[in-house]
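[1] 3D, please:
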Amino acid sequence: MNINENGLVLLGCGKMGSAMLTGWLAQGLPLASVWVMDPYPSDWLKDLAGQGLHLNQGLPENPAIVLVAVKPQMMAEALPQLAALGNSQTLFLSVAAGTPIAFYERVLGGDTPVIRAMPNTPAAVGRGITAIIGNAKTSEQHLQAAEGLLRAVGQTVRLEAEGQMDAVTAVSGSGPAYVFHLIETLAAAGVAEGLAPDLAMALAKATVGGAGQLAEDAAEDPAQLRVNVTSPGGTTAAALAVLMDPETGFPALMTRAVKAAADRSRELSQ
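    You can find the predicted model right below:
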């Protein structure tokens, strides 16, 4: 699959599509190999169009990949525009939340290679993680091509079944919002203990960001990292006694939160 020769089509180029396109261009993808279809293009896209990107123009005959990045509520109107590219070797890679592979097969044809992907918002700073699953028409080459594109904005993992996508949505797709709320509440707790709001927020942001980096880089798992910084009878142990309470602490709360998100994801995909 030669993207440079056959072309890459973006159907929709909002925040996620723009983050991915930024990564691809930084890795050397030529502007002339990119076609973008977006009814409300940003000024950034208009500037790129002046430098060689194809914006809302006729599509290449056999593009290597079509990235579907429109909002789910726009999908029924937008996707049929590309039906002529279905049932071919063009790979459709979808990052649209809640839209099952079966929908693409109905609109594009059952012989269309389709990969469904769930990225998350840290992709905007190259720190995302994306889970992918392909249909029966996707080859190993298709999967590797999708991973190559998606690694421009972070890590990738493969799923064993599409049914796992609801749990992925609840853990990594929605998960950044949980972490942002943790930062909010940690800073607010610092203010309650006498810190100035700006100082408390700076401490909370750096602590969560640094701990996350340490968790990714360290050889130990997060449970061991927690033990490493917890002295018996110390301040961390006092706080963890509250946070790790099986009924009122993080374990029960996070289980309920992730279940609520997964259940809602299942509802939206019906």
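[2] okay, domains of the chain per the record?
    3-165, 175-268 (automatic domain parsing).
[3] roughly how far does the residue most central in space within the chain sit from Thr112?
    With distances taken as CA atoms, centre = their mean, the residue of the chain nearest its centroid is Pro119 (1.4 Å). Going from Pro119 to Thr112 by CB to CB, to the nearest Å gives 21 Å. Heads up, the C-betas are built off the backbone N, CA and C, glycines and all.
[4] for Thr156, same thing?
    21 Å.
[5] before we move on, what about Pro63?
    From Pro63 across to Thr112, the span is 13 Å (CB to CB).
[6] mutual contacts of the two, please.
    Overlap of the contact sets of Pro63 and Thr112 (by CB atoms under 8 Å, 6 or more residues apart in numbering) consists of Thr90.
[7] low-confidence stretches in the stretch 1-150 of the chain?
    1-2, 4 (pLDDT under 70).
[8] one step back: where does the residue nearest to the centre of the chain fall, phi/psi-wise?
    Main-chain dihedrals, Pro119, degrees, to the nearest 10: phi -90, psi -180.
[9] what segments of the stretch 51-200 of the chain are helices?
    Using DSSP state H, counting those that start in this stretch, the helices of the stretch 51-200 of the chain run over 75-78, 101-108, 140-150, 165-168, 175-192, 197-217.
[10] relative to Ile133, which of the ones you listed is closest?
    helix 165-168 (6.6 Å; CB to CB).
[11] can I get stretch 133-153 in PDB, CA atoms only?
    Extracted in PDB, the C-alpha atoms of stretch 133-153 (Å, rounded to 0.1, in the frame of the first residue of the first chain):
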ATOM      1  CA  ILE A 133     -10.000  -4.200  15.000                       C
ATOM      2  CA  GLY A 134     -10.500  -5.200  11.400                       C
ATOM      3  CA  ASN A 135     -13.200  -7.000   9.500                       C
ATOM      4  CA  ALA A 136     -12.700 -10.300   7.600                       C
ATOM      5  CA  LYS A 137     -11.500  -8.400   4.500                       C
ATOM      6  CA  THR A 138      -8.600  -6.800   6.200                       C
ATOM      7  CA  SER A 139      -5.200  -8.400   5.700                       C
ATOM      8  CA  GLU A 140      -2.100  -8.200   7.800                       C
ATOM      9  CA  GLN A 141      -0.800  -5.600   5.400                       C
ATOM     10  CA  HIS A 142      -3.900  -3.500   6.000                       C
ATOM     11  CA  LEU A 143      -3.500  -3.800   9.800                       C
ATOM     12  CA  GLN A 144       0.200  -2.800   9.600                       C
ATOM     13  CA  ALA A 145      -0.600   0.200   7.400                       C
ATOM     14  CA  ALA A 146      -3.200   1.400   9.900                       C
ATOM     15  CA  GLU A 147      -0.800   0.900  12.800                       C
ATOM     16  CA  GLY A 148       1.800   2.900  10.800                       C
ATOM     17  CA  LEU A 149      -0.500   5.800  10.400                       C
ATOM     18  CA  LEU A 150      -1.800   5.700  14.000                       C
ATOM     19  CA  ARG A 151       1.600   5.500  15.500                       C
ATOM     20  CA  ALA A 152       2.200   9.100  14.300                       C
ATOM     21  CA  VAL A 153       0.000  10.100  17.300                       C
END
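[12] this completes my enquiry, with thanks.
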